[in-house]
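K.L.:
A structural model of the following input is requested.
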Amino acid sequence: MSASKLLIGCWLGLAALSTLTVLLGGSGSGLLLGAAILAAALGKAWLITEGFMELRHAPRLWRLLLLGWPLLLAGGVLALLPQLA
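P.N.:
Predicted coordinates:
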């Protein structure tokens, strides 16, 4: 796959996940809905790091650091969601 096709695919994935996030955010509230929104955000973080930043060829430590940070934040938000509801 050429680089331009890969970037277009990443862009389309980001656009679809952003649209999904907006639709889910407007459909109500709840723990399961919040988890779905966070899952879409994690998917976007993965697309950005692997596609746009081209870290799929980088050393494993860099990939773990850049994908671990959104996972850590999502875990923290999920831990706080029941207290906010």
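
K.L.:
for the chain, what's the longest helix?
P.N.:
In the chain, with assignment by DSSP state H, the single longest helix is helix 60-84.

K.L.:
give the other helices and strands that it contacts.
P.N.:
Under the contact definition 3 or more C-beta pairs under 8 Å, 6 or more residues apart in numbering; DSSP states H and E, helix 60-84 sits against helix 31-47. From N, CA and C alone the C-beta is placed, and that goes for glycine too.

K.L.:
mind giving me the packing neighbours of the helix it packs on?
P.N.:
Here helix 31-47 touches helix 3-25, helix 60-84, going by 3+ C-beta pairs under 8 Å, 6+ apart.

K.L.:
quick revisit: in the longest helix of the chain, what counts as buried?
P.N.:
Under the neighbour-count criterion of 16 or more other C-beta atoms under 10 Å, helix 60-84 has R63, L66, L67, P70, A74, L81 buried.

K.L.:
grab the two from these that are most spread out in space.
P.N.:
Spanning the widest gap among the buried residues of helix 60-84 are R63 and L81, at 27.3 Å by C-beta to C-beta.

K.L.:
for the helices and strands packed on helix 31-47, which one sits closest to G34?
P.N.:
helix 60-84 (4.9 Å).

K.L.:
gap between that closest one and the chain center?
P.N.:
10 Å (C-alpha atoms, centre = their mean, to the nearest Å).

K.L.:
now do stretch 40-59
P.N.:
9 Å.

K.L.:
CA-only coordinates of that stretch, as PDB, when you get a sec.
P.N.:
Listed next in PDB are the C-alpha coordinates belonging to stretch 40-59 (Å, rounded to 0.1, in the frame of the first residue of the first chain):
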ATOM      1  CA  ALA A  40     -13.300   5.500  20.000                       C
ATOM      2  CA  ALA A  41     -10.800   8.000  21.400                       C
ATOM      3  CA  LEU A  42      -8.300   5.100  21.900                       C
ATOM      4  CA  GLY A  43      -8.900   4.100  18.300                       C
ATOM      5  CA  LYS A  44      -8.100   7.600  17.200                       C
ATOM      6  CA  ALA A  45      -4.900   7.600  19.300                       C
ATOM      7  CA  TRP A  46      -3.800   4.400  17.700                       C
ATOM      8  CA  LEU A  47      -4.500   5.700  14.200                       C
ATOM      9  CA  ILE A  48      -2.500   8.800  14.800                       C
ATOM     10  CA  THR A  49       0.500   7.100  16.300                       C
ATOM     11  CA  GLU A  50       0.600   4.100  13.900                       C
ATOM     12  CA  GLY A  51      -0.500   5.900  10.700                       C
ATOM     13  CA  PHE A  52       0.300   9.600  10.700                       C
ATOM     14  CA  MET A  53       3.300   9.400  13.000                       C
ATOM     15  CA  GLU A  54       4.400   6.200  11.300                       C
ATOM     16  CA  LEU A  55       5.500   4.500  14.500                       C
ATOM     17  CA  ARG A  56       4.600   1.100  13.300                       C
ATOM     18  CA  HIS A  57       8.300   0.800  12.300                       C
ATOM     19  CA  ALA A  58       9.600   2.400  15.400                       C
ATOM     20  CA  PRO A  59      11.200   0.600  18.400                       C
END
